[in-house]
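1. Below is the structure, and that's it, no one-letter string:
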């Protein structure tokens, strides 16, 4: 008896379907492998600043980098004292273009660099005086609006850290506003720095921080306005023997990075990155505040004469800045900010 062979018929469309299913499966496996490789790769970044390694800002960046590296997910380096650039705006511009940098700028610089005038109120003369407000800032609607405007230009504002009060360090004594008139002072080279100079009467000279000490030595500058930790770390006491405690700015280190860098991180890593920097900022804001008195004493030990000025005189001198609205703030901005911060 002859055996009968069964014929198996494959419809033409079935072969195509099987091929497509096989191809889709291969693609999914490839994508999964690529995703796993991407997830396993460490995230490389550099904390880049202009201050000396001894300042609270630089130490904060080192601690944040160490904490990120300890997770095993990051490969973070720290370059301070102007190692990558002594110009903060230049570092922020590099970050904006996608270079994996975390840069401490400040609200005044960011306001000018990214054309968001209202942002500078965070560091406007004699506006914020309580460092505790900075921890509440990320949760406010006003900050989140500024964040959207920055992100649209490629930058994300991660954290704002208290970094000391700024005062005047000069060759000649300054006891009142009149003593500043005509002096060539290195200050912020932006709208907020120019406004301060306008109402205090000095000539504002914008230059990189690394040029300040030689500038005073060579008598092209009569002094600078800066926070005490940076003044001491940069040996400003060698060339400017007078410190007027005007405390006109509550300086903040505004840590920013590329929006592209942040968005490229897996969700868990992004959350860890933001939390680590914010936690370190809160911790070092307190440390910097506690260290200020010690720095003032060290300045005295180096021969600097510290003058306790009448703050009301300086506050009155700056008052027209707000009535004239030189900084182009939105109507009711201060009240809105204070309400959201609970001040």
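-> Cool, got the structure. Small disclaimer: the values here were computed from a predicted structure and weren't measured.
2. where along the protein do the helices fall?
-> All helices of the chain, identified by DSSP state H, fall at 12-40, 56-70, 88-96, 107-113, 133-136, 141-151, 191-200, 212-217, 228-233, 259-264, 267-301, 311-323, 333-341.
3. and the fifth one, how far out from the chain's middle?
-> Averaging C-alpha coordinates over helix 133-136 and over its chain gives two centres that are 15 Å apart (C-alpha atoms, centre = their mean, to the nearest Å).
4. and of the helices of the chain, who's closest to residue 242?
-> Nearest to residue 242, of all the helices of the chain, is helix 267-301, at 10.3 Å by C-beta to C-beta. Using the backbone N, CA and C atoms, a C-beta is placed for each residue, glycine as well.
5. Can you give me the neighbour number for residue 342?
-> Neighbourhood size, residue 342 [other C-beta atoms under 10 Å]: 9.
6. my bad, should have said residue 309
-> Using other C-beta under 10 Å, residue 309 is surrounded by 18 other residues.
7. partners of the nearest residue to it once chain neighbours are set aside in the sheet?
-> Distances taken as C-beta to C-beta, 6 or more residues apart in numbering place residue 244 nearest to residue 309, at 5.3 Å, with adjacent residues excluded. Taking DSSP bridges as the rule, residue 244 bridges to residue 168, residue 307.
8. is it true that residue 244 touches residue 178?
-> No - shown here, residue 244 and residue 178 do not form a contact pair, counting by C-beta atoms under 8 Å, at 11.9 Å.
9. Show me which of these two is the more surrounded one.
-> Taking neighbours as other C-beta under 10 Å, residue 244 and residue 178 compare with residue 244 leading, 25 against 12.
10. ok, so what distance separates that one from residue 238?
-> 18 Å (C-beta to C-beta, to the nearest Å).
11. And residue 132, by the same measure?
-> 35 Å.
12. beta partners for residue 160?
-> For residue 160, the beta-bridge partners under DSSP bridges are residue 254.
13. residue contacts, it?
-> Contacts of residue 160 were listed using C-beta atoms under 8 Å, 6 or more residues apart in numbering, and they are 107, 122, 134, 137-138, 252-255, 281.
14. what about residue 329, neighbour count?
-> Look at residue 329: counted by other C-beta under 10 Å, it has 17 neighbours.
15. repeat for the one 10 residues further on
-> Here the number of neighbours of residue 339 (other C-beta under 10 Å) works out to 12.
16. Columns pLDDT and distance to residue 336 on top of the contacts of residue 160, output as JSON lines?
-> Shown next, in JSON lines, are the contacts of residue 160 (pLDDT from 0 to 100; distance: C-beta to C-beta, whole Å):
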{"residue": "107", "pLDDT": "94", "distance to residue 336": "16"}
{"residue": "122", "pLDDT": "96", "distance to residue 336": "13"}
{"residue": "134", "pLDDT": "90", "distance to residue 336": "17"}
{"residue": "137", "pLDDT": "92", "distance to residue 336": "13"}
{"residue": "138", "pLDDT": "91", "distance to residue 336": "16"}
{"residue": "252", "pLDDT": "95", "distance to residue 336": "19"}
{"residue": "253", "pLDDT": "96", "distance to residue 336": "24"}
{"residue": "254", "pLDDT": "97", "distance to residue 336": "20"}
{"residue": "255", "pLDDT": "98", "distance to residue 336": "24"}
{"residue": "281", "pLDDT": "96", "distance to residue 336": "24"}
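17. which one of these sits closest to residue 218?
-> Distance to residue 218 across those (C-beta to C-beta) is lowest for residue 253, with 29.1 Å.
18. Return the distance of the spatially most central residue of the chain relative to residue 106.
-> In the chain, the C-alpha nearest the mean C-alpha coordinate belongs to residue 254, at 2.4 Å (C-alpha atoms, centre = their mean). Separation of residue 254 from residue 106 (C-beta to C-beta) stands at 5 Å.
19. And for residue 88?
-> In this view, residue 88 and residue 106 are 8 Å apart by C-beta to C-beta.
20. ditto for residue 154
-> According to C-beta to C-beta, residue 154 and residue 106 sit 18 Å apart.
21. Residue 243 now?
-> 21 Å.
22. likewise residue 160?
-> Separation of residue 160 from residue 106 (C-beta to C-beta): 9 Å.
23. And residue 263, by the same measure?
-> As judged by C-beta to C-beta, residue 263 and residue 106 stand 24 Å apart.
24. Fine, thanks again, bye for now.
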